[in-house]
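# have a look; sequence and predicted model below, questions after that.
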Amino acid sequence: MSNPQSITPDAFEILVGRELRRIGIEPVQLRRVNVMHSYDHGGYGFDLQGRLEAYGRRWSVLIECHNRPLAVESSDVSALRTRADNARAASAVLFTTSGIDAGALAAARADAIPLLRVVDAQTALMATGVIQAGQLPAWLPEYTIELVTSEGSRLLEASDPELLLRELRPQQ
């Protein structure tokens, strides 16, 4: 079993692009901004800014990637929303290797910010029945992504951008 908190910043950036493409959302010209910063309790974080494309439509995005031992809190979501607004990004997305507390879930829903957690792919895919114990398939990546909402968590499925896109839309 792999530990998502051991992921390097470069591998994290590659993972974000790969997982977005896998579900059918094309990242366009994503680049690091707010170059890496460290947290008081360890770990790192950085932002990716660019555009996303799905269904022939493009829009600006600010994606936060953070890897730290402490859970995401509502203040993290609010800070991301502020940075996205300052960057004039239409959408914001937060990828994390840590847990997510209830306050962050509520803030993310209110601000239309999807919360995506990096998880060990083998464990996650075995739990959903996609793979069985034993010899691992050659295509199995080390990590995958799950969407975390107040209703629970769910792995993102290939060629299904709607699960993520619904979270990017303001709640009515």
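Alright, I've got the coordinates.

# which phi and psi does the nearest residue to Ala90 once chain neighbours are set aside have?
Nearest non-adjacent residue to Ala90, counting by C-beta to C-beta, 6 or more residues apart in numbering: Trp59, 4.3 Å away. To be clear about C-beta, it is placed using only N, CA and C from the backbone, and glycine gets the same treatment. Phi and psi for Trp59, reported as degrees, to the nearest 10, are phi -150, psi 160.

# what separates the residue most central in space within the chain from Arg154, distance-wise?
Closest to where the C-alpha atoms of the chain average out (C-alpha atoms, centre = their mean) is Phe95, at 2.9 Å. Remark: distance between Phe95 and Arg154 (C-beta to C-beta, to the nearest Å) = 15 Å.

# next one: Ile100
From Ile100 over to Arg154 (counting by C-beta to C-beta), the distance is 13 Å.

# neighbour count for those two, which is higher?
Shown here are Ile100 and Arg154; by other C-beta atoms under 10 Å, Ile100 has more neighbours (22 against 12).

# surely the more buried one is in contact with Leu115?
Yes. Under the criterion of C-beta atoms under 8 Å, Ile100 lies in contact with Leu115, with a separation of 5.4 Å.

# shared neighbours of those two, anything?
Common neighbours of Ile100 and Leu115, using C-beta atoms under 8 Å, 6 or more residues apart in numbering, are Val72, Val148.

# need the contact list for Trp59.
Trp59 touches Arg51, Leu52, Ala90, Ser91, counting by C-beta under 8 Å, 6+ apart.

# one more: Arg154?
Per C-beta under 8 Å, 6+ apart, neighbours of Arg154: Glu146, Leu147, Leu163.

# out of those residues, which is nearest to Ile25?
Nearest to Ile25 among the contacts of Arg154: Leu163, at 10.4 Å, using C-beta to C-beta.

# what's the distance between Tyr44 and Ser98?
Distance from Tyr44 to Ser98, by C-beta to C-beta: 12 Å.

# do Arg51 as well
Distance from Arg51 to Ser98, by C-beta to C-beta: 27 Å.

# okay, and the helix or strand of the chain with the least pLDDT?
When each helix and strand of the chain is scored by mean pLDDT, DSSP states H and E, helix 121-128 comes last, with a mean of 69.

# what mean pLDDT does the following helix or strand past that one get?
Once the chain leaves helix 121-128, the next helix or strand it forms, by DSSP states H and E, is strand 143-149. Averaging pLDDT along strand 143-149 yields 94.

# isn't Gly103 right up against Ser74?
Yes. Counting by C-beta under 8 Å, Gly103 touches Ser74, with 3.7 Å between them.

# so where is this structure shaky, pLDDT-wise?
Scanning the chain for pLDDT under 70 picks out 1, 35-39, 124-132, 134-137, 140, 170-172.
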